[in-house]
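[1] got a structure for you, letters missing:
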RNA sequence: GAUGCUGUAGUUCAGUGGGUAGAACGUAAUACUCAUAAUAUUAAGGUCAAUGGUUCGAAUCCAUUCAGUAUCACCA
């Protein structure tokens, strides 16, 4: 295809650095770490030189705020989660070459050098001074989201510094009436501060060429057709919207110090320092392993691939590449195969509601579940959100564990091992036939699997894995050696059949390794072989091109199940484990139904109530308000007159359905403009725990304009 | 609100330089018994979100609409 590919000798793979302020869940695992691990393990199997770097992202205001709330030093927070996450990752079989952390000195130096290089070059940064809100109690400048106040446009009392959720208008914190810090609850003061901005806008032109055509500095860099649609789409949409300078410093005492004398008390903004963590991690690894990090970052012979979730696309496809290009000398990623998000039983993961399962939690709860890590890795790969959001369901986990891993793969391997022991005393039979020819269909599947991984189609690849054992099952069924054995136990057909089946088991042992490494080791040990080594797939392909991958008369091991089925007549323990997880969710759902009745408000007086003039009325016209999701413009007949009312009910009621609807209208409410339309009253609605709105109305044809008391 | 992505069999998803729709699971029938009541074969099942357009021909291209989801300049 092109020459550049042939130059590639090394691969550098990154998985997005997890933020070290909390435990991680299945979504992080399947979106980011698992695909990277599969890819990296595959490259190693192919005998490629590859380094996979990752680590904890440990800076940023979120961590300092959490530390203050818990009365801890930020270091204590990040230590806790760094080591916890690292331990979980090891148990899950993630094969990082290094799991780094951005609080290490080598990272601080690297990030500072990077900043300093851009600064000294000139033209990449600009300085701006302005006034920002500052929380004196917390001794911290406040991000927009940490400020609340009254909205200047709709007077909603709980507007955020960046946006009012009531009227939807974009705000600046300075516009808020009576601003309050959400950290201390006190009124913040205005303070002047200076920050450095990275001139991202300068990079728009080459970025577009790079993303659209895959060309960099007039040369071929990568094939944009191999990028996922949603990745390219989002990037180009960003470029279309125009790029703007972005602040890259913060007023904080936790983070990488800005290496300038005039920048005391300022640190690099985490999104600037975090991706540089990939570089410092590589340096750290290289130092430990006697390698040169530049061979991976600054060499044409190395390919860079970033794995991440869709929330991180623009950072890795626009901002970080711009930083690297501005610095000069660095490789840019040849692909950024971002995944979408994983939901859990139909909803988003939510730590606060207990919806979902954390990685540590899974590892602990399923500790005694045989091969529980591979069971999870398999289920998550099968449902990987490669091109759209996907959903983890326990029932599907059970299904694919039992039907695919146990019945298809596990049972195939088992029946081959059992038959080999039975017919040949556990020795791999030698045959005279054309083994290579017999294995051709298997080789085709293997090739497809290989290509799928190279194309980052892991879901399809793992299906090919299953196809391999399906082929094995079908093949056994077609030949049915047990039938032949009854009449002619010495038949060469039996030998040939079993040799082919054993070869397939051997192939499965090698090629399953990127996906389900523990199972791979177990298959190998059933064949009496060592765990597969780097280059194992390359070696296997060489052997297959000559004939088979196994040696004649190899003494294999005794049968042992790879996966214990969840639906097991004799042992209900695994099913109980799953049922307990499902019961937990039911409990949450029921609790939500039960609670969430608003407490009764403070006492009021009859006189106050009488101030309300509530009238019966009928909706005679209804239309959607433009530029508003929730609003309908209604004309209500209240007998003596008609009123125009803007009502936030569009999510639950279509305009055409509610014409003729009888309603109750609060008629003496002060008029207010909503989205430019004067609303002369308020329709009374009942709202349930889901936020659904229902009309409250008199019985049919009651008549308009009567008072409600 | 703008923009990106997504919307295909009961379920989970593949699929496009436009030319009689694919898999897995589930369902039904049959075969087999070496194996974890496993396996194999066959069958049924889809106006490819809706509407309009381009075309000899559209699930595939264009437009509009609807739904889900993400991003939208200091949120890590």
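    The structure has been received and is ready for your questions. Bear in mind that the values here come from a model prediction, so they are computed numbers and not experimental data.

[2] So, low pLDDT: which residues of the stretch 551-700 of chain A?
    By pLDDT under 70, the weakly predicted segments of the stretch 551-700 of chain A are A:592-605, A:608, A:624-630, A:650-652, A:654-657, A:670-677, A:687-692.

[3] which stretches of it form strands?
    A:614-624, A:632-637, A:642-647, A:662-666, A:672-674, A:677-679, A:682-683, A:685-687, A:693-695 (DSSP state E, counting those that start in this stretch).

[4] Can you give me the neighbour number for the residue of the stretch 51-200 of chain A found nearest RNA strand B?
    In the stretch 51-200 of chain A, the residue found nearest to RNA strand B is residue A:60; the distance is 2.5 Å by CB to the nearest atom of the strand. For every residue, glycine as well, the C-beta is placed using N, CA and C. Neighbourhood size, residue A:60 [other CB atoms under 10 Å]: 24.

[5] Quick check: residue A:529 touching residue A:505?
    No. The pair residue A:529 and residue A:505 fails to qualify as a contact (CB atoms under 8 Å) at a distance of 10.4 Å.

[6] Those two: who's more crowded?
    Neighbour count, other CB under 10 Å: between residue A:529 and residue A:505, residue A:505 has more, with 27 against 18.

[7] For the nearest residue to residue A:279 once chain neighbours are set aside, what is the enclosing helix or strand?
    Leaving aside its chain neighbours, residue A:279 sits nearest to residue A:110 (5.6 Å; criterion: CB to CB, 6 or more residues apart in numbering). Taking DSSP states H and E as the criterion, residue A:110 maps to helix A:105-121.

[8] mind listing what the residue of the stretch 401-550 of chain A found nearest RNA strand B touches?
    The minimum distance from the stretch 401-550 of chain A to RNA strand B, using CB to the nearest atom of the strand, falls at residue A:410 (2.3 Å). Applying CB atoms under 8 Å, 6 or more residues apart in numbering to residue A:410 gives the contacts A:561, A:562, A:563.

[9] Around the first one, how many other residues sit close by?
    Meaning residue A:561. Around residue A:561 there are 14 other residues, counting by other CB under 10 Å.

[10] Please apply the same query to the second one.
    Using other CB under 10 Å, residue A:562 has 23 other residues around it.

[11] Show the contacting residues for it.
    Taking CB under 8 Å, 6+ apart, one finds A:371, A:405, A:406, A:409, A:410, A:413, A:414, A:519, A:522, A:523 in contact with residue A:562.

[12] separation between the last one and residue A:555?
    The reference is to residue A:523. 16 Å (CB to CB, to the nearest Å).

[13] So which of these two has more stuff around it?
    For residue A:523 versus residue A:555, neighbours defined as other CB under 10 Å are more numerous around residue A:523 (26 against 11).

[14] Can you tell me how far the nearest residue to the more buried one once chain neighbours are set aside is from residue A:470?
    Excluding its sequence neighbours, the residue lying closest to residue A:523 (CB to CB, 6+ apart) is residue A:509, at 3.7 Å. Computed with CB to CB, the distance linking residue A:509 and residue A:470 is 17 Å.

[15] Point out the ones among the contacts of residue A:410 that are inside helices.
    Counting by DSSP state H, no part of the contacts of residue A:410 is found in helices.

[16] Get me the contact residues on the stretch 151-300 of chain A for RNA strand B.
    A:161-162, A:170, A:195, A:229-230, A:233-234, A:236-238, A:240-242, A:244, A:246-247, A:269-271 (CB under 7 Å from any atom of the strand).

[17] re the thing from before, quick one, grab the pLDDT at the residue of the stretch 401-550 of chain A closest to RNA strand B.
    pLDDT, residue A:410: 96.

[18] Surely it is in a helix?
    Yes. Assigned with DSSP: H, G, I helix; E, B strand; the rest coil, residue A:410 falls within a helix.

[19] one step back: just put the contacts of residue A:562 in TSV and tack on distance to residue A:177 and secondary structure.
    Listed next are those as TSV, based on distance: CB to CB, whole Å; DSSP: H, G, I helix; E, B strand; the rest coil:
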residue	distance to residue A:177	secondary structure
A:371	60	coil
A:405	60	helix
A:406	63	helix
A:409	64	helix
A:410	65	helix
A:413	70	helix
A:414	72	helix
A:519	62	helix
A:522	66	helix
A:523	68	helix
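
[20] before we move on, the earlier item: look up the closest residue to the residue of the stretch 51-200 of chain A closest to RNA strand B, ignoring the ones flanking it.
    residue A:270 (3.8 Å).

[21] so that neighbour touches residue A:59, yeah?
    Yes. Here residue A:270 reaches residue A:59: they are 4.6 Å apart, a contact under CB under 8 Å.

[22] Compare the two and say which is more crowded by neighbours.
    residue A:59 (31 against 25).

[23] Please work out which residue of the stretch 251-400 of chain A is closest to RNA strand B.
    residue A:390 (3.5 Å).

[24] Contact distance from RNA strand B - what residues of the stretch 451-600 of chain A qualify?
    So the stretch 451-600 of chain A meets RNA strand B at A:459-460, A:463, A:470, A:473-474, A:476-478, A:480, A:482-483, A:561-565, A:567-569 (CB under 7 Å from any atom of the strand).

[25] Apply 6 Å and report the result again.
    Residues of the stretch 451-600 of chain A lying near RNA strand B by CB under 6 Å from any atom of the strand: A:459-460, A:470, A:473-474, A:476-477, A:480, A:482-483, A:561-565.

[26] Can you list the neighbours in contact with stretch A:133-140?
    Contacts of stretch A:133-140 with the rest of the structure, by CB under 8 Å, 6+ apart, involve A:61, A:64-65, A:68, A:141-142, A:146-147, A:161, A:173-174, A:179, A:181, A:183-184, A:186, A:188-191, A:251-252.

[27] among those residues, which are in helices?
    The helices, defined by DSSP H, take in A:61, A:64, A:65, A:68 from the contacts of stretch A:133-140.

[28] export those to TSV and tack on pLDDT and neighbour count?
    Compiled in TSV, the ones in helices among the contacts of stretch A:133-140 are given as follows (pLDDT from 0 to 100; neighbours: other CB atoms under 10 Å):
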residue	pLDDT	neighbour count
A:61	81	22
A:64	84	23
A:65	80	20
A:68	80	17
